[in-house]
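Undergrad: need a 3D model of the following:
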Amino acid sequence: MADSQIYMVTGLGNPGKEYSQTRHNMGFIVVEELARRYTLSFTHSRFDADVAKGIIQGKQTILVKPQSYMNRSGYPVQKISSYFKIETGNIIIVHDELDLPFGRIMVVKDRGHGGHNGIRSVIDAFGTKNFIRIRVGVGRPQQKKGDNITGHVLGKFAGDEQKNIDHVIKTTADACVLILSSGVNTAMNSVNSYNRHDRSGGVLY
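TA: Just a heads-up that it's a prediction; the model follows:
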């Protein structure tokens, strides 16, 4: 029997083919992997987001890809949450993270935006940061000038990243499933502990 509560997994990104396989769209890529695994289909909702609904690990789950561009992600996420009466503690946000090396994954809860405009928008829309996040490392460019950072996050995976991106996507989707099946504390202990014991600089191949 499915849990009577509703859960949301939102992947952050930008709409449009030109952004589809960029670092900043890691959230979209992961929720698309979840939809593939559980044979769910996205449809466009009136809340300016693509939405897929189904049962994941016995939980009624809504997968969300906001179509309002990254820095305005909060509006559709909050509207969908309000419409389906989803508690903030049952919301998982998946997003790219400059401050983690490529491939490192961290599960956190009740944390500030850390400069991420998509997360900033979600916090502003809800008026709280009490939701679950999966931070997926994309690393920083060698030069940290503003334009270079923008080009980095809006750029496509290259080199070793391209070779290993499938594993990173799978591992992040696994983390989402673990949260739904066993709770956020178990996921933090499992996923974050794995990262702490990684000695290669955080690249989880």
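Undergrad: flag every buried residue along the longest helix anywhere in the chain.
TA: In the chain, taking DSSP state H as the definition, the longest helix is helix 160-182. Buried residues in helix 160-182, counting neighbours by 16 or more other CB atoms under 10 Å, are found at 161, 164-165, 168-169, 171-180. From N, CA and C alone the C-beta is placed, and that goes for glycine too.
Undergrad: just the residues contacting that helix, thanks.
TA: Here helix 160-182 makes contact (CB atoms under 8 Å, 6 or more residues apart in numbering) with 7, 9, 26, 29-30, 33-34, 37, 56-59, 61, 92, 94, 102-103, 105, 107, 132, 134, 136, 156-157, 186-187, 190-191, 203-205.
Undergrad: ok, now with 6 Å
TA: Here helix 160-182 makes contact (CB atoms under 6 Å, 6 or more residues apart in numbering) with 9, 29-30, 33-34, 56-57, 59, 92, 102-103, 105, 134, 136, 157, 187, 191, 205.
Undergrad: and stretch 138-157, by the same measure?
TA: 21-24, 96, 98, 101-102, 165.
Undergrad: then stretch 91-110?
TA: Residues from elsewhere that reach stretch 91-110 (CB under 6 Å, 6+ apart): 8-12, 23-24, 26-27, 30, 118, 129-140, 161, 168, 172, 175, 179, 184, 187-188, 191-192, 195, 201-204.
Undergrad: what's the end-to-end length of it?
TA: 11 Å (CA to CA, to the nearest Å).
Undergrad: average pLDDT across that stretch?
TA: Confidence for stretch 91-110, expressed as mean pLDDT, is 95.
Undergrad: could you do stretch 26-43 as well?
TA: For stretch 26-43, mean pLDDT is 98.
Undergrad: residues contacting that stretch, please?
TA: Stretch 26-43 is contacted from outside by 9, 11-13, 50, 52, 54, 56, 63, 65, 94-96, 136, 169, 172-173, using CB under 6 Å, 6+ apart.
Undergrad: what does stretch 67-74 give?
TA: With CB under 6 Å, 6+ apart as the test, stretch 67-74 has contacts from 12, 14-15, 48-49, 66, 75-76, 117-118, 121-122, 124-125.
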